[in-house]
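K.L.:
Fold the following.
(one chain, ligands or ions: 2)
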Amino acid sequence: MSEKIKGFCLHGREKIMPNSDGLVTRNTSVVEMDIPRLKEGEILAKTLFTGICGSDNSAALGKANFDWVERPRVIGHEFSAQVLELGPGDHGDLKVGDIFTPLAMLGCQDEECPACSVSKWNLCPSKEIIGFHRNGGFGQRVVLESDRAVVLMDGLRPEQGALIEPLSVVVNALYNKCAIKPGDDVVVTGCGIIGLMSAEVARAAGARVAITGIAHDRDTRLKKARERGFITIEVSPENTLTAQLQEGITDLNGLAFGKKGKVDLLIECSGVPQVLSETISVVRPEGDICVIATYGKEVEINATHLTRTSLNMRGSMGSCRADYMVAQKLMLTGAFPTEHYTDFYDFKDITQAFEDSIKATNVKAVVKMN
Ligand SMILES: [Zn+2]
Ligand SMILES: [Zn+2]
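P.N.:
Ligands and ions are numbered 1, 2, ... in the order given. Predicted coordinates for the structure are as follows:
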């Protein structure tokens, strides 16, 4: 291959604080890539647009929950790509030229597997995540199993393809795991892209939505949420969500939000242990808490309070093919407006894209890969 193909590669394990001085991207670098030979069931694709996920940032910062990722690794699991070549074996209807997004999580597909036998590869104990278990979408070419490919629905643009995976994670959490209903008052904790998407998807289901962030989020992510018409709540250890709800929060029409400091549903997207501990005090009896975030350490919960208020606390992990289909429909119908949630970067600026994402000075970085 004469073309020089590049990829953004994770190689280091140094623990880096996101707001430290100096390069926050020193565990990563742009490298020249070799393209491996295609094995049975694999395809070669040209990546088009790849999004930076919070988990990519966590891996780049050397966080302990990503220690298991082998280095060097070309990361990236949220992307659109075009099929260049089909390797040996059966590829179903997939053709050269098709534009697709991959299922981030590939299950073992064993008939005996409790998750794979019901098509929930996201819950397979031996699932493999593209961009972590094998090289992913931050390479200008990618080799992957054709079983992962979800061809984009007619009418979707390749740049929207990069947002299907994160949106599918939110679809799984909100529509499969929460009893969300029109008229509900919903708080989303955390205003990263999963939080912002959760706010949109909850509103699309008819809920009234407030979203929290910290002072650092004021000028970018909370500002975006406000522009989109959501109630925004800036929280700090001195001015918690619980305290602010107790004092009374009003929506943009001046109407009271929540009832006596309690809401119907809380969606935890911050990954901050104290925030998860606090959730049980802001949800009404028999209300729902849905946890999409993961945590760097164990979290304390007042389990007696959980019992006495009969709360439903559920975790939600990733997504499967059915959720990708719903996510695409939300984009096609405009129920989720991708154009409000994308900051584009050229591949030559990929290190900057990661720096901005780690420092939370953008909403969602999507890199044009070629
Ligand atoms: Zn992700
Ligand atoms: Zn399995």
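
K.L.:
Leaving out chain neighbours, which residue sits closest to whichever residue of the stretch 51-200 of the chain sits closest to ligand 1?
P.N.:
In the stretch 51-200 of the chain, the residue that lies nearest ligand 1 is Cys53 (3.1 Å; C-beta to the ion). In this view, the C-beta of every residue, glycine as well, is placed from N, C-alpha and C. Spatial nearest neighbour of Cys53, chain neighbours left out: Glu78 (5.6 Å); criterion: C-beta to C-beta, 6 or more residues apart in numbering.

K.L.:
Check Ala205 too.
P.N.:
Counting by C-beta to C-beta, 6+ apart, the residue nearest Ala205 is Ile180, at 4.8 Å.

K.L.:
that older thread, what number of residues lie near the residue nearest to Cys53?
P.N.:
If you count neighbours by other C-beta atoms under 10 Å, Glu78 ends up with 31.

K.L.:
Using CSV, write out every CA atom in stretch 113-122.
P.N.:
Taking C-alpha atoms only, stretch 113-122 is exported to CSV below (Å, rounded to 0.1, in the frame of the first residue of the first chain):
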residue,chain,number,x,y,z
CYS,A,113,-24.4,-17.3,26.2
PRO,A,114,-27.2,-15.8,28.2
ALA,A,115,-26.7,-12.4,26.6
CYS,A,116,-25.9,-13.3,23.0
SER,A,117,-28.7,-15.9,22.8
VAL,A,118,-31.1,-12.9,23.1
SER,A,119,-29.1,-10.7,20.8
LYS,A,120,-27.8,-8.5,23.6
TRP,A,121,-24.1,-8.4,22.7
ASN,A,122,-23.7,-5.4,25.0
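
K.L.:
what is the rounded mean pLDDT of it?
P.N.:
Summarised as a single mean, pLDDT over stretch 113-122 is 95.

K.L.:
how many neighbours does Cys113 have?
P.N.:
Other residues close to Cys113 by other C-beta under 10 Å number 18.

K.L.:
Up against ligand 2, what does the stretch 1-150 of the chain have?
P.N.:
With C-beta under 5 Å from the ion as the criterion, the stretch 1-150 of the chain comes near ligand 2 at residues 107-108, 113, 116, 124.

K.L.:
Let's see that with 8 Å instead.
P.N.:
By the rule C-beta under 8 Å from the ion, the part of the stretch 1-150 of the chain lying against ligand 2 is 107-110, 113-117, 121, 124-127.

K.L.:
Any of these buried? List them.
P.N.:
107, 113, 115-116, 121, 124, 127 (16 or more other C-beta atoms under 10 Å).

K.L.:
Tell me which stretches of the stretch 151-300 of the chain form helices.
P.N.:
Per DSSP state H, counting those that start in this stretch, the stretch 151-300 of the chain carries helices over the ranges 158-161, 164-171, 193-204, 221-227, 241-247, 273-279.

K.L.:
Looking at those, which one is packed in the most?
P.N.:
Comparing the helices of the stretch 151-300 of the chain by mean neighbour count (mean count of other C-beta atoms under 10 Å), helix 164-171 comes out on top with a mean of 28.

K.L.:
beta partners of Lys262?
P.N.:
Beta-bridge partners for Lys262, by DSSP bridges, are Lys259.

K.L.:
That one - how many residues pack around it?
P.N.:
Neighbour count for Lys262, taken as other C-beta under 10 Å: 19.

K.L.:
does the closest residue in space to Gly136 that isn't next to it in sequence count as helix, strand or coil?
P.N.:
Closest residue in space to Gly136, ignoring its immediate chain neighbours: Gly76 at 3.9 Å, by C-beta to C-beta, 6+ apart. Secondary structure for Gly76, judged by DSSP: H, G, I helix; E, B strand; the rest coil, is coil.

K.L.:
Tell me who's in contact with the spatially most central residue of the chain.
P.N.:
In the chain, the centroid-proximal residue (C-alpha atoms, centre = their mean) is Pro166; its distance is 3.8 Å. If a contact means C-beta atoms under 8 Å, 6 or more residues apart in numbering, then Pro166 has 51, 53, 78, 193-194, 197, 364 as its contacts.
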